[in-house]
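K.L.:
Okay, here's the prediction I keep looking at, along with the sequence it came from:
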Amino acid sequence: MLIYGIGSPLVPAAILLCAAVAAARSRRIQFNRWLMTLIALAGPMLVMVGIIQGLFYPGRDAEILWQAGPAAVTVEGLSVALQLWLRVAAMIAVCALFAFGSDAARMFDGLIRLHAPVSLAYVCAAAMSLVPVLQNQTRQTVDARAARGWNTSRWRTRVALTPRIAAGLVTSSLIQFDQRHQTLIQRGFDTRRRPSPLQDHNDGPGQRTLRRAAPLCVLALVVASLSGVLALPTASELLGWLRG
């Protein structure tokens, strides 16, 4: 809501910075892993919006900063590219922070506490619990290929092995989902009774207060921005200030 509810690029930039600080200070998250995920997913987006919006902005009355043939760097194009990329990067950063720093049991308990449908809570928790399983299977497959003489340290070899590894991972994932589904049905998962928590998570007073106050604060900030009470600079205004 903050990223897309407020038009200023300062908001996604602040969220991106907060996610980076949280990933660096967290004991459960490897910062290099979080950073490489952000670069791998948000890097191509930066290149695409930089080329499409930054060099070929369609506006005729745009303020041109540099031009070479059909390509022109404009203030409006850079502002649009900056806004799009910061929003996407902030969303990826927060999602990666949540995925690497949370566990499936805690997520299931949280969704049940929020009165979410049991099926939705199960799907989300199962998807998160399969991530380490797939990583372990991938590592075992690569080690098995290396034991057979494959030079798995080369990127070319890893790329060549990717289709075979992916096919095996998809098949094993479907089998595991089916086995878990059958086990849960046998234990009464398809009944209307609310399941008991998987783990005992006792939140302190500060965590309970933050969980209840955060949605209200977010809603208040969005309403203040839409009503004009919270006037934050746009991307074009920030670029103008930098030029000045």
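P.N.:
Noted; the coordinates are in hand.

K.L.:
show me where the chain has helices.
P.N.:
2-5, 10-25, 31-55, 75-101, 104-113, 118-147, 155-186, 205-227, 235-243 (DSSP state H).

K.L.:
pLDDT below threshold where in this structure?
P.N.:
The chain contains residues with pLDDT under 70 at 50-77, 181, 183-201, 235-244.

K.L.:
measure residue 128 to residue 95 for me?
P.N.:
Per CB to CB, to the nearest Å, residue 128 is found 11 Å from residue 95. In short, each C-beta sits where N, CA and C put it, glycine included.

K.L.:
neighbours around the residue nearest to residue 30 when sequence neighbours are not counted, how many?
P.N.:
Counting by CB to CB, 6 or more residues apart in numbering, the nearest residue to residue 30 once its immediate chain neighbours are dropped is residue 100, at 7.4 Å. Using other CB atoms under 10 Å, residue 100 is surrounded by 17 other residues.

K.L.:
State the distance from residue 100 to residue 91.
P.N.:
Counting by CB to CB - residue 100 and residue 91 are separated by 15 Å.

K.L.:
Just give me the neighbour total for the nearest residue to residue 28 once chain neighbours are set aside.
P.N.:
Closest residue to residue 28 apart from its sequence neighbours, by CB to CB, 6+ apart: residue 101 at 5.2 Å. Applying other CB under 10 Å, we find 15 residues neighbouring residue 101.

K.L.:
which ones are touching residue 101?
P.N.:
Neighbouring residues of residue 101 by CB atoms under 8 Å, 6 or more residues apart in numbering: 22, 23, 26, 28, 29.

K.L.:
Out of these, grab the one that's most surrounded.
P.N.:
residue 23 (23 neighbours).

K.L.:
Hmm, residue 32 and it touching each other?
P.N.:
No. Counting by CB atoms under 8 Å, residue 23 does not reach residue 32; the two are 9.6 Å apart.

K.L.:
ok, back up a step: distance of the residue nearest to residue 30 from residue 88?
P.N.:
Distance, residue 100 to residue 88, by CB to CB: 18 Å.

K.L.:
shouldn't residue 124 be in contact with residue 111?
P.N.:
Yes. In this structure, residue 124 is within contact of residue 111 by CB under 8 Å, at 6.4 Å.
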